[in-house]
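Asker: I would like to see how this sequence folds:
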Amino acid sequence: MLEFCGEMKKIIKILGYLGIFLLIIVGTLVVKAFIELQSNKLLLLKSDLGTYYYNMEKLENLMKEKLGDDYLGDWDKDFDHYVISLVMEQLQSVEHKKFSRYNAFLSKEKVEKIVGDMEKAAGEVTGKELTPDTFYLQLSGFYDGITLEKVKDHHASMSNHSNIIIDLRNNTGGSIDETEKVAQLFLEKGQTIYQIAYSERTKIVTSGNDQPLRYQNMVLLTNDQTASSAELFVLALRENLPQAVVIGTRTYGKPVSYAFRKYSDGAGMIFINGIMKGPNGSEIRVNGIEPDISVGNTEAQYAEISDPDLREQQRKTDEQLQLETALEYLASNEGSSD
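Answerer: As a prediction, this is how the structure comes out:
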């Protein structure tokens, strides 16, 4: 019995030491968290204003005015979104108006819409034979895990033709990584696909494809709505493949890449993080990429057509003419190869 009591005292003593040790650890973590809180000015600002500001109604009215329909009535979320919106608004003011919108706070609803629209566009991949020698591939967008798989569905048919028309009209871009994967289908191993100049480094991406699709002739169709990574796709193929010819009108002209951050509450933020460049370091100018063969109205000419129905009709007429020009070009080059 005495021996048992002695063992119990030892155990209690050990547990006591362990409790003191755990208390020290917990206390250290609490002090560290308090110090971090004191040094995190934005977090402290939100805490102080939310707790001590003399008239919360004034603060809430400011946020309501700034956030508009994105105002949630939740202090913590609204304050964060308010600050992000203010910062992004200032960044927008120093960027070219054409792509300043790529610095922005996005509500949960806007995030869902953007992602949904991109997924839908990326899934609209059309592939068909136009002539015994020519395959037609329409790419409406680039989205991770979707576009490449859709293109692969047509891989067997694509490889059985000597000519290809890749339609990038109205393709506003999307995922650069997915653009890279699709472009790689046509590029030899070692060929540079694109470059992106970040603030402190330049990323150079090369193809790793040992068995790319090969064509005697290739036509890339573009218009004023061909933008972003779709423009990068144009440069990737035109600068690597001598047989690639661009037909249509100038592209949109969006040289910037952007990062997308989605928060735990579903809201998000996008911001410009780099400048996209072609394999040879060529830049996408703000006024777009000039086609090799110009066919159709320019962006400015479309804008001059005030009636939206007539404008849409003219676009469809131009699109048909561009496709016909592509087929005529391929017919005139039948049998030619590099």
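Asker: the helices in the stretch 101-250 of the chain, which residues?
Answerer: All helices of the stretch 101-250 of the chain, identified by DSSP state H, counting those that start in this stretch, fall at 108-123, 147-152, 155-158, 176-184, 229-238.
Asker: Going by neighbour count, which residues of the third one are buried?
Answerer: Using 16 or more other Cβ atoms under 10 Å as the burial criterion, the residues of helix 155-158 that qualify are residue 158. The way it works is simple: take the backbone N, C-alpha and C, and place the C-beta from them, glycine included.
Asker: Next: the second one.
Answerer: Neighbour-count burial for helix 147-152 flags 147-148, 150-151 (criterion: 16+ other Cβ under 10 Å).
Asker: Grab the two from those residues that are most spread out in space.
Answerer: Maximum pairwise distance in these, criterion Cβ to Cβ, is 7.3 Å, between 148 and 150.
Asker: I'd like the helices of the stretch 101-250 of the chain written out as a markdown table, with distance to residue 281 added.
Answerer: Listed next are these as a markdown table, based on distance: least, Cβ to Cβ, whole Å:
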| stretch | distance to residue 281 |
| --- | --- |
| helix 108-123 | 28 |
| helix 147-152 | 26 |
| helix 155-158 | 29 |
| helix 176-184 | 17 |
| helix 229-238 | 10 |
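Asker: List the residue ranges of the chain that fall below the pLDDT cut-off.
Answerer: 1-39, 335-338 (pLDDT under 70).
Asker: biggest strand in it, by residue count?
Answerer: strand 268-277 (DSSP state E).
Asker: Tell me what angle that one forms with helix 176-184.
Answerer: For strand 268-277 against helix 176-184, the angle by axes from the mean of the first three to the mean of the last three Cα atoms, to 10 degrees is 40 degrees.
Asker: Touching the helix or strand following strand 268-277 from outside, list them.
Answerer: For strand 268-277, the succeeding helix or strand toward the C-terminus, using DSSP states H and E, is strand 293-294. Residues outside strand 293-294 that contact it (Cβ atoms under 8 Å, 6 or more residues apart in numbering): 245-249, 325, 329.
Asker: Provide the strand pairings for strand 293-294, with the direction of each partner.
Answerer: Applying DSSP bridges to the sheet, strand 293-294 is found paired with strand 244-248 (parallel).
Asker: Return the distance of the strand it pairs with from the chain's centre.
Answerer: How far strand 244-248 lies from its chain's middle: 24 Å, per Cα atoms, centre = their mean, to the nearest Å.
Asker: that older thread, deepest-packed of the helices of the stretch 101-250 of the chain, please.
Answerer: helix 229-238 (a mean of 25; mean count of other Cβ atoms under 10 Å).
Asker: Contacts for that helix, please.
Answerer: Applying Cβ under 8 Å, 6+ apart, the contact partners of helix 229-238 are 139, 141-142, 166, 168, 171-176, 178-179, 182-183, 186-187, 193-194, 218, 220, 222, 226, 244-246, 251-255, 257, 276-279, 282, 284, 288-289.
Asker: go again using 7 Å as the cut-off
Answerer: 142, 168, 171-176, 179, 183, 186, 193-194, 218, 220, 222, 244, 246, 251, 254, 276, 278-279, 282, 284, 289 (Cβ atoms under 7 Å, 6 or more residues apart in numbering).
Asker: cool, stretch 211-223 as well?
Answerer: For stretch 211-223, contacts defined as Cβ under 7 Å, 6+ apart pick out 158-159, 162-170, 185-188, 234, 237-238, 241, 243-249, 251, 289, 291, 296, 322, 326, 329-330, 333, 336-337.
Asker: buried ones in it?
Answerer: For stretch 211-223, burial by neighbour count (16+ other Cβ under 10 Å) applies to 212, 215-223.
Asker: Serialize those residues to a markdown table and add fields for distance to residue 105.
Answerer: Formatted as a markdown table, those follow (distance: Cβ to Cβ, whole Å):
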| residue | distance to residue 105 |
| --- | --- |
| 212 | 41 |
| 215 | 44 |
| 216 | 49 |
| 217 | 46 |
| 218 | 41 |
| 219 | 40 |
| 220 | 35 |
| 221 | 35 |
| 222 | 32 |
| 223 | 31 |
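Asker: ok, these vs residue 64, which is closest?
Answerer: Comparing those against residue 64 with Cβ to Cβ places residue 223 closest, at 40.6 Å.
Asker: In space, what's closest to the closest one - neighbours in sequence excluded?
Answerer: residue 169 (4.3 Å; Cβ to Cβ, 6 or more residues apart in numbering).
Asker: what do you get for residue 101?
Answerer: Residue nearest to residue 101 in three dimensions, not counting chain neighbours: residue 92, with 7.1 Å by Cβ to Cβ, 6+ apart.
Asker: next one: residue 297
Answerer: In this structure, residue 297 finds its nearest non-sequential neighbour in residue 318, 5.8 Å apart by Cβ to Cβ, 6+ apart.
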